[in-house]
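*Asks:* Coordinates only, no sequence provided:
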């Protein structure tokens, strides 16, 4: 494993997951509910920034590696899954929506792995609809974690709920897209 700044940022993102989760299990007299929501939102946002930054730095510093290419999406999926499970527990996201998003991530990761084994990984490379799905997810989750009024006016729960439903629709759409791209290889194996 090459030790470079992009990989260290990815490891930092993974290490932030237990810190993020523990915030919701600390004794209630340590922080107010609002403070817990605010800190968890900040941790998730920091993790999202490291996701963008590690990719940018890997390309800018020419420090890309096979290990980094493997670990980066794993870190992303772990952070999103942890956030969604917490949001379901907090009754801020419907369990069905979380299952759609997490299930798709597992299924498409497996599909990409299988396609890479066939030498056809370019067929299931990240698409525009996949990027839209990620954007909707990354907008929804911090809003749902914050769970309060932004600027005294905007209900983050209501806006976050809209974004998470949009993300769920885009999740299904992108899964269909990737399955369609992989279908010739799937049919060939039967």
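*Replies:* All right, it came through fine. Here the structure is a predicted model, which means the values were calculated and not measured.

*Asks:* Distance from the chain centre to the helix ranked longest in the chain, please.
*Replies:* Looking across the chain with DSSP state H, the single longest helix is helix 156-189. Mean C-alpha position of helix 156-189 versus that of the full chain (Cα atoms, centre = their mean, to the nearest Å) differs by 13 Å.

*Asks:* Now do the buried residues in that helix.
*Replies:* If you call a residue buried by 16 or more other Cβ atoms under 10 Å, then helix 156-189 has these buried ones: 156, 159-161, 163-164, 166-168, 170-171, 174-175, 177-178, 181-182, 185. C-beta coordinates here come from the backbone N, C-alpha and C atoms, glycine included.

*Asks:* got it, and stretch 114-123?
*Replies:* By 16+ other Cβ under 10 Å, the buried positions in stretch 114-123 come out as 114-115, 123.

*Asks:* Just to be sure, which of these are found in helices?
*Replies:* Those of the buried residues of stretch 114-123 lying in helices (DSSP H): 114-115.

*Asks:* want to throw the buried residues of stretch 114-123 into CSV with pLDDT?
*Replies:* Listed next are these as CSV, based on pLDDT from 0 to 100:
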residue, pLDDT
114, 82
115, 80
123, 70
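
*Asks:* so which of the buried residues of stretch 114-123 would you say is closest to residue 64?
*Replies:* residue 115 (20.0 Å; Cβ to Cβ).

*Asks:* export the buried residues of stretch 114-123 to TSV and tack on distance to residue 22?
*Replies:* Listed next are those as TSV, based on distance: Cβ to Cβ, whole Å:
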residue	distance to residue 22
114	35
115	37
123	40
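
*Asks:* Low-confidence ranges, this protein, go.
*Replies:* For the chain, applying pLDDT under 70 flags the ranges 1-2, 190.
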